[in-house]
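>>> mind looking at a prediction? Sequence and model below.
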Amino acid sequence: NAGVTQTPKFRVLKTGQSMTLLCAQDMNHEYMYWYRQDPGMGLRLIHYSVGEGTTAKGEVPDGYNVSRLKKQNFLLGLESAAPSQTSVYFCASSLVPGQGAGNQPQHFGDGTRLSIL
Amino acid sequence: DQQVKQNSPSLSVQEGRISILNCDYTNSMFDYFLWYKKYPAEGPTFLISISSIKDKNEDGRFTVFLNKSAKHLSLHIVPSQPGDSAVYFCAADQAAGNKLTFGGGTRVLVKP
């Protein structure tokens, strides 16, 4: 059972290059999220989606764009990579909160380690 | 300004003893709290949660305590096992929005 799959696992970019991080989930979850993890700062929410065709900004959205064309996929794009975007990126998905249990735990992928030179 | 803080970046404990991880928050609107566990090169996995209407939630060896007046929660692991060695993150949510605010993490090392 795959759960949440992120590709690629590692990538090195040069400043100014663009790329797209892919996230796929097979749990039929409505909600999907993109986080970045930096040393000592925990995970910070970049963008999230509450359903196919919808996206919204999180805590640190600048420099990133996202798309949710299909329910199972959530794409994170860097249009012009900057060294400050060197980080580990995590995708997560969850059921709709409020359905019986209130908050719904998020299920995470194993991350994409991105270095911008 | 971090709304969720884990002031101990690391913790070392002997196998079989209790591990106590602490977490403080500043936003009084937070009403749901979660703990996640993370191994190297893997994503975080959900461990245990607590709603603000409770002050304790227990699941096997793991117990989370919430002190709303102090804006403080803690995770107790009893007894600690070597497989518990990982980074633990506390996270907070409000109004079932499922938009989590994470603390910086505490690295736990359980010595055999």
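That came through fine. Numbers count the residues shown, from 1 in each chain, chains lettered A, B, ... in the order given.
>>> tell me if stretch B:55-75 is near chain A.
No. Judged by C-beta under 8 Å from any C-beta of the partner chain, stretch B:55-75 stays clear of chain A, getting no closer than 12.3 Å. C-beta coordinates here come from the backbone N, C-alpha and C atoms, glycine included.
>>> for that stretch, which positions count as buried?
Neighbour counts over stretch B:55-75 (16 or more other C-beta atoms under 10 Å in any protein chain shown) mark B:62-66, B:71, B:73-75 as buried.
>>> and the contacts of that stretch?
The contact list for stretch B:55-75 (C-beta atoms under 8 Å, 6 or more residues apart in numbering or on different chains) reads B:19-26, B:28, B:33, B:35, B:47-50, B:52, B:54, B:76-79, B:81, B:88, B:90.
>>> enumerate the residues of chain B near chain A.
For chain B, the contact set with chain A under C-beta under 8 Å from any C-beta comprises B:2, B:4, B:6, B:9, B:32, B:34, B:36, B:41-46, B:49, B:51, B:89, B:91, B:93, B:96-105.
>>> what subset of these is buried?
When neighbours are counted using 16+ other C-beta under 10 Å, these contain these buried positions: B:2, B:4, B:6, B:32, B:34, B:36, B:43-44, B:46, B:49, B:89, B:91, B:93, B:96, B:98-105.
>>> ok, which stretches of chain B are strands?
Per DSSP state E, chain B carries strands over the ranges B:4-5, B:10-14, B:19-25, B:32-38, B:45-51, B:56-59, B:62-67, B:72-77, B:86-93, B:101-102, B:106-111.
>>> could I get the ones you listed as a markdown table with mean pLDDT?
Below are the strands of chain B laid out as a markdown table (pLDDT from 0 to 100):
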| stretch | mean pLDDT |
| --- | --- |
| strand B:4-5 | 95 |
| strand B:10-14 | 97 |
| strand B:19-25 | 98 |
| strand B:32-38 | 96 |
| strand B:45-51 | 95 |
| strand B:56-59 | 96 |
| strand B:62-67 | 98 |
| strand B:72-77 | 98 |
| strand B:86-93 | 96 |
| strand B:101-102 | 94 |
| strand B:106-111 | 97 |
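>>> in what helix or strand does the spatially most central residue of chain A lie?
The residue lying closest to the centre of chain A (C-alpha atoms, centre = their mean) is A:Trp34, at 2.3 Å. Following DSSP states H and E, one finds A:Trp34 within strand A:31-37.
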